[in-house]
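In: here you go, sequence then predicted model.
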Amino acid sequence: MDQQVEKRVTDLFADRDVIVQNVQVREYPEETNILVFVDDKNYAAAIDVSEEIEEQMRRGASLELLLVVRKMRSTAVHVEPMIGVFDSRSSELQRLIAARNRVSDVQPSLSYVRDLGGSLSAVSAQRHHLVFGRRGVGKSTLLVETRRTVELDGALTAWVNLQTLRREPPARIFLRIARDMVTSLAVSLQKSIPSSAVVVDVNNLLDRLAVLIRADSIDDETAQRTIPDIQYVLRRGLSALGSDLYIFVDDFHCIPRDQQPEILDILHSCVRDCRAWLKIASIKNLTRWFRSSPPTGLQTGQDADIIDLDVTLQEPEKLRVYLGNILTRYCIEVGTKENESFRTEFSCRGVMRGCRPASGPRRIPGRSRDTS
C-alpha cells in the first residue's frame, strides 16, 4: 500500500514538473503523514503545488492526510579529506556523532551498516527474537532497519520503547503494548477491508483497552482477561489481511528484572498461533527472559532465538573495517573524506571500547546467570 502511495505522489509532482527524490509514508491511528523530499532546485515549486496535491489525495481517503515537503540533504563528498582538528568539518563531525549516536523509531541511523554477523536477515525472519547487546552497540539501529525492511515487504509493525513505561506497573505495561499491537492491525484493516466483521471486534477491543489504561488502578487478573481476545483478533485480522505483524520492544532491560519473564509470557500468549512476531532488544546481563519453575517467559531454542550483537577482539580486523565503514557514513554527511590516520585511530579506539562493558559489573569467568 505504501509503495502505491509513493508512486502516486511521485507521479502527481512529476505532472507539475517537480522531481521528487524520496517519499516516506508514516501512518497513525487517525492520520497519515506523507513526507516528500526534493532538492534545492525543486523545493520552491514543490511548496507551490503541495497544497493542490494534498487536496487531490484527500478525496476518497478514509483517514486524515497531511503532506509535508522537505529539502533533501546533499551527500556530495569533497575531494579533500579533513586536515586536522582545526578543520571546521571536524567540529561538525563531532556534533553529528554526538547527536546521532542514539537511534530510535523517529530518528533512524544516517545509513545502516550491516553488522558483522549479518543479523538483519535473521531478525527479519518469522520467528520471535531476543536481541542482546551493550549500550550503543546497535540494538535499536537493527530494530529500526528491520522495521523498515519488513514494512517494505508489506508487514504491519508496532514499536514500543519501555524506557517510557518503566514507572508503570506490569499490567499497564502489557496493556499499552497490546494497544499498540491492535492499533496497527486496526489501521490496516480500516484501509484494506473496512467492511470485514473483524473490524468491529478490533474496534471494540481497542475501546476496552483504552478504558483499562485510563483506570486509576488495574489489577493483573483484570488485565490478563484480555489475552484471549487479543489473540483472537490478531489471528483473525492478520489472516484476513494475509500479513504478518512485527512487534518491536526496545530497551526491555528498563523494567525490573523480576517482572520481565511474566511480561514476556503474557505477550507470547497474545501472539501464540498468530502471524505475529516479538522482537525484544535488551542488555543481556540486565535481562531475565525465562523462569523455569513454573515455566514463564520465552525459552530460547523453543520459543525464541537469541541474536547477540556484542563484538570483541576475536576478529579485530573485521571489527576495524566495520567501524571504519560507520565513520565513512558520518564523514559523507559532513562533506569530507576521512584520512587514513584518522580512520585507523577511530577504529582502534572503537575496537578497544568494543571489548569491554559499557556499564554494569564485569562477569566472572566460569560463572553465568540463571537466565536459561
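Out: Nice, thanks for sending it over.

In: rest of the way, CA atoms for contacts and neighbours
Out: Noted.

In: hey, which helix is longest across the protein?
Out: Using DSSP state H to define each element, the chain has its longest helix at helix 170-192.

In: what's downstream of that helix, the next helix or strand?
Out: From helix 170-192 onward toward the C-terminus, using DSSP states H and E, the following helix or strand is helix 197-214.

In: now do the next helix or strand after that next one: which elements does it pack against?
Out: Heading C-terminal from helix 197-214, the first helix or strand you meet, by DSSP H and E, is helix 220-224. If contacts are counted by 3 or more CA pairs under 8 Å, 6 or more residues apart in numbering; DSSP states H and E, helix 220-224 sits against helix 170-192.

In: and the helix it packs on, average pLDDT?
Out: What helix 170-192 shows for mean pLDDT is 95.

In: may I see the buried residues of it?
Out: 170-190 (16 or more other CA atoms under 10 Å).

In: after the strand or helix carrying Ser121 comes which helix or strand?
Out: Assessed by DSSP H and E, Ser121 sits inside helix 119-123. Later in the chain than helix 119-123, the nearest helix or strand by DSSP H and E is strand 129-132.

In: now do that next one: everything it contacts.
Out: 123, 139, 278-284, 304-310 (CA atoms under 8 Å, 6 or more residues apart in numbering).

In: partner strands of it, parallel or antiparallel?
Out: Partners of strand 129-132 in the sheet, by DSSP bridges, are strand 276-282 (parallel), strand 305-308 (parallel).

In: what are the buried residues along the last one?
Out: It refers to strand 305-308. So for strand 305-308, counting by 16+ other CA under 10 Å, buried means 305, 307-308.

In: can I get those in a markdown table including pLDDT and distance to Ala223?
Out: Shown next, in a markdown table, are the buried residues of strand 305-308 (pLDDT from 0 to 100; distance: CA to CA, whole Å):
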| residue | pLDDT | distance to Ala223 |
| --- | --- | --- |
| Asp305 | 94 | 27 |
| Ile307 | 90 | 30 |
| Asp308 | 87 | 32 |
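
In: secondary structure class for Phe248?
Out: strand (DSSP: H, G, I helix; E, B strand; the rest coil).

In: who are the contact partners of it?
Out: 143, 147, 157-160, 278-281.

In: got it, and Gln259?
Out: Pro170.

In: what do you get if the cut-off is 6 Å, keeping everything else the same?
Out: Contact partners of Gln259, counting by CA atoms under 6 Å, 6 or more residues apart in numbering, are absent.
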